[in-house]
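Visitor: would you be able to build a 3D model of this:
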Amino acid sequence: MQKHKGFTHLVKATGYSIKGLKQAVTETAFQHELIMAAVLIPLAFWLGENGVERALMIGSVLMVLVVELLNSAIESVVDRVGMEYHELSGRAKDLGSAAVTMALAIMAITWLLLIFG
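Guide: The predicted structure follows:
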């Protein structure tokens with residue numbers, strides 16, 4: 001298999017990323033988080049008092065989306081291995097879910113501290 005270089009690599013990588021985002025948009029959790037982002041990101045421009053505050057607010061929202069994408073990737077790999085229950089498969093999925101919960105907690109703490117702190 002020949003590896004792509006330079007501009008061809010960039011084009012291929014962008015295509016893979018777009019394909020992944022299209023797949024993510026079909027998942028309910030990602031849809032909910034996109035709706036949340038559509039509300040919170042514009043709100044960050046209004047509530048943030050300076051560029052740093054806006055960057056922290058927006059960055060924490062985007063981090064939730066990134067972690068959800070990684071969680072979905074983990075779930076896809078686990079499902080690829082097999083649909084029957086296995087303790088390690090369950091652990092992998094639970095850890096991915098916990099990561100999303102932690103990202104949501106970081107986002108909530110960031111917003112609360114910047115708004116009320």
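
Visitor: rest of the way, CA atoms for contacts and neighbours
Guide: Will do.

Visitor: show me what stretch 78-98 is in contact with.
Guide: Under the criterion C-alpha atoms under 8 Å, 6 or more residues apart in numbering, residues 70-71, 74-75 lie in contact with stretch 78-98.

Visitor: please redo it, this time with the cut-off set to 6 Å
Guide: 71, 75 (C-alpha atoms under 6 Å, 6 or more residues apart in numbering).

Visitor: buried ones in that stretch, by neighbour count?
Guide: For stretch 78-98, the buried set under the neighbour-count rule, 16 or more other C-alpha atoms under 10 Å, comprises 78, 89, 92-93, 96-97.

Visitor: quick check: what element follows the helix or strand Ser76 falls within along the chain?
Guide: According to DSSP states H and E, Ser76 maps onto helix 51-81. Counting by DSSP H and E, the next helix or strand C-terminal to helix 51-81 is helix 87-116.

Visitor: what's the angle from the helix holding Ser76 to helix 87-116?
Guide: Helix 51-81 runs at 170 degrees relative to helix 87-116, counting by axes from the mean of the first three to the mean of the last three C-alpha atoms, to 10 degrees.
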